[in-house]
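[1] Pasting a predicted model and its sequence here:
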Amino acid sequence: MEATGLLSGTLYPLLIRMTEQGLVEAEWREPAQPGRPARYAYRLTAAGAALAHDLSGGAPGQPFRGALA
């Protein structure tokens with residue numbers, strides 16, 4: 001959220017949609033420390049990484065052109 005500036009009400013629906021499209025995987029993780037909540041961890045799939053590469057013009061670390069438009 002910090003890197004994109006998106007609020008959770010915007011980010012999490014996008015992650016859910018991307019999971020449904022096979023672009024990211026979601027894994028439920030139990031808390032590492034007692035008293036902390038369980039949460040989902042998200043990871044790009046091969047298809048998601050390929051799309052990210054295409055949208056960035058192939059340049060590592062570059063923002064995705066039009067990805068959130």
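    Cool, got the structure.

[2] Which residue ranges of the chain form helices?
    8-20, 46-55 (DSSP state H).

[3] Quick check, residue 1 in contact with residue 9.
    No: the pair residue 1 and residue 9 does not pass the contact test of CB atoms under 8 Å, sitting 10.5 Å apart. C-beta coordinates here come from the backbone N, C-alpha and C atoms, glycine included.

[4] Neighbour count for these two, which is higher?
    residue 1 (10 against 7; other CB atoms under 10 Å).

[5] ok, the more buried one - contacts?
    7-8, 11 (CB atoms under 8 Å, 6 or more residues apart in numbering).

[6] can you redo those as CSV with neighbour count?
    Shown next, in CSV, are the contacts of residue 1 (neighbours: other CB atoms under 10 Å):
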residue, neighbour count
7, 9
8, 8
11, 14
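
[7] Out of the residues you listed, which is nearest to residue 33?
    Taking CB to CB as the measure, residue 33 lies nearest residue 8 of those, at 21.4 Å.

[8] What's the separation between the closest one and residue 22?
    23 Å (CB to CB, to the nearest Å).

[9] Same question for residue 2.
    Residue 2 is 26 Å from residue 22, by CB to CB.

[10] neighbour count winner among those two?
    A side-by-side neighbour count of residue 2 and residue 22, using other CB under 10 Å, places residue 22 first with 11 against 5.

[11] That one is in contact with residue 46, isn't it?
    No: the criterion here is CB under 8 Å, and residue 22 misses it with residue 46 at 9.4 Å.

[12] Buried residues, stretch 8-20. List them.
    Across stretch 8-20, burial judged by 16 or more other CB atoms under 10 Å covers 18-19.

[13] What average pLDDT does it get?
    Summarised as a single mean, pLDDT over stretch 8-20 is 93.

[14] just to revisit the earlier point, could you work out which of the helices of the chain reaches nearest to residue 34?
    helix 8-20 (24.1 Å).
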